[in-house]
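Chemist: Make a model of this:
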Amino acid sequence: MKFIDEFRNEAYAKGLVKSIQNITDKKINIMEVCGSHTMAIFRYGIRDILPDNIKLISGPGCPVCVTPQSYIDTALELSGLENVIITTFGDMMRVPGRKSSLMKRKAEGADIRMVYSPMDTMILAQKNPTKKVVFLSVGFETTAPMTAVTILEAKKQNMNNLFFLTAHKLVPPVMGALMEDEEVNIDGFLLPGHVSAVIGEKAYGFLSSEYKIPGVVTGFEPLDLLQGFNTLINMINNKDFTIANDYKRIVRDNGNEKAIEYLNKVFDISASTWRGIGSVPNSGYELKKEYENYDAIKHFNIDYREYDGCPGCRCGDILKGKITPYECPLFKKACTPENPVGSCMVSSEGTCAAYYRYEVKLESDGVSTPSDS
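Modeler: Numbering: from 1, shown residues only. Prediction:
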């Protein structure tokens, strides 16, 4: 297949694997920040071919996973209001709040609908002028530009029944927060491809200048990942504390300047709370004053206070890379994809979901589950 087979070349892959296995025998901790990377690494069996001295840590790269429980409870509160329609991406439906979830509330009769983009929500609001339509606007720099464009178009059309419950977050600041955590031990970052397509590789320069940590931007095909690991492990071994781009077919130095322009036009940067990590300065987007008419919190006059929940769930420590899902007492017991306790088990990009989906299958085939990743 054109543009697929090129990144799944067996001979080239074997050469990369051999190179990776011969670079160094010292222990190295690598964090992949992106949830899509976590899934792809499992899917293609990358963990199985890395040498034992290379430890992979799954970081806070899943936007649904890092959204605090208070956000879900606020969405549930809004869904109970008269003449309100809630729209959301599918991953948010099963994330548990303190007492319920959007899926359960929908089953009880609330008007909650899954959409593929915020523009779908704008069309829905146009078709339902007597309803107030609220989009659950969650995501990193990858999806935030779509929200910005939708808000600009809504303002252009003078719409007054469309609102956004925003929880957009910026990835680089939370990486800095991880580096400040003395309990987190990271030697290098596999940097997110999707986010980097928007913000560019230069956005990570602080990692090398401030923390002497290298990073590599890479894609999601098997050769992308193997090349990324090969580059990064070499950089760590040679103490080359720079940022490399192994995804140049998509990612540019300065990113997508048009998308960044839309973000800067609609949003201000503010502190934001990440599940299990806490408040991180300059890691969130909030609507500028001229667009606050579209802010659901302000329109519905909600006293929003952020908090985490899920007693017993160690999703926060998993997002920091301090533990693996196997070390959470709820994993595969009280917490499963059918009955998730924490958000890390819900999302298709969640670390617990990845471990459950791929490693539980190993158990069923008679292979023991590793105690550490």
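
Chemist: contacting residues for the closest residue to residue 240 other than its chain neighbours?
Modeler: Excluding the flanking residues, the one nearest residue 240 by Cβ to Cβ, 6 or more residues apart in numbering is residue 214, at 6.1 Å. For glycine as for every other residue, the C-beta is placed from the backbone atoms N, C-alpha and C. Shown in contact with residue 214 (Cβ atoms under 8 Å, 6 or more residues apart in numbering): 188, 189, 207, 208, 232, 235, 236, 240, 241, 242, 243, 244.

Chemist: per-residue pLDDT, residue 214?
Modeler: As predicted, residue 214 sits at a pLDDT of 98.

Chemist: Please narrow the contacts of residue 214 to those residing in helices.
Modeler: Members of these lying in helices (criterion: DSSP state H): 207, 208, 232, 235, 236.

Chemist: Please name the nearest non-neighbouring residue to the fourth one.
Modeler: Excluding its sequence neighbours, the residue lying closest to residue 235 (Cβ to Cβ, 6+ apart) is residue 214, at 4.1 Å.

Chemist: What are the buried residues along the top strand by length along the chain?
Modeler: Assignment by DSSP state E gives strand 278-287 as the longest strand of the chain. Going by neighbour count (16 or more other Cβ atoms under 10 Å), the buried part of strand 278-287 is 280, 283, 284, 285, 286, 287.

Chemist: give the contact list for the residue lying closest to residue 202 once chain neighbours are set aside.
Modeler: Using Cβ to Cβ, 6+ apart and skipping the chain neighbours, the partner closest in space to residue 202 is residue 253 (5.3 Å). Residues near residue 253 by Cβ under 8 Å, 6+ apart: 200, 201, 202, 245.

Chemist: among the residues you listed, which are in strands?
Modeler: residue 245.

Chemist: Buried subset of the contacts of residue 253 as a ChimeraX selection?
Modeler: If you want just the buried ones from the contacts of residue 253 in ChimeraX, going by 16+ other Cβ under 10 Å, the selection is:
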select :200,201,245
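
Chemist: any idea which of the contacts of residue 253 is closest to residue 296?
Modeler: Distance to residue 296 across the contacts of residue 253 (Cβ to Cβ) is lowest for residue 200, with 30.7 Å.

Chemist: Out of the contacts of residue 214, which is nearest to residue 118?
Modeler: Of those, the one sitting nearest to residue 118 (Cβ to Cβ) turns out to be residue 189, at 29.3 Å.

Chemist: Run through the bridge partners of the closest one.
Modeler: Note on residue 189: beta-bridge partners by DSSP bridges are residue 31, residue 215.

Chemist: ok, now which ones touch the residue most central in space within the chain?
Modeler: Nearest to the mean C-alpha position of the chain, by Cα atoms, centre = their mean, lies residue 62 at 2.2 Å. Residues near residue 62 by Cβ under 8 Å, 6+ apart: 35, 38, 319, 343, 344, 347, 349, 350, 351.

Chemist: Contact partners for the residue lying closest to residue 64 once chain neighbours are set aside?
Modeler: Using Cβ to Cβ, 6+ apart and skipping the chain neighbours, the partner closest in space to residue 64 is residue 347 (4.0 Å). Counting by Cβ under 8 Å, 6+ apart, residue 347 makes contact with 35, 62, 63, 64, 65, 91, 95, 353.

Chemist: what's the answer for residue 39, then?
Modeler: So residue 39 contacts 348, 349, 354 (Cβ under 8 Å, 6+ apart).

Chemist: if we go to 6 Å?
Modeler: Residue 39 sits next to residue 354 when contact means Cβ atoms under 6 Å, 6 or more residues apart in numbering.

Chemist: And it, what's its pLDDT?
Modeler: On pLDDT, residue 39 comes in at 93.

Chemist: Please determine how far it is located from residue 123.
Modeler: In this view, residue 39 and residue 123 are 30 Å apart by Cβ to Cβ, to the nearest Å.

Chemist: now swap in residue 58 and tell me
Modeler: 36 Å.

Chemist: out of these two, which sits in the busier spot?
Modeler: residue 58 (31 against 12; other Cβ atoms under 10 Å).

Chemist: Do I have it right that the more buried one meets residue 352?
Modeler: No. Distance between residue 58 and residue 352: 9.3 Å, which falls outside the contact criterion (Cβ atoms under 6 Å).
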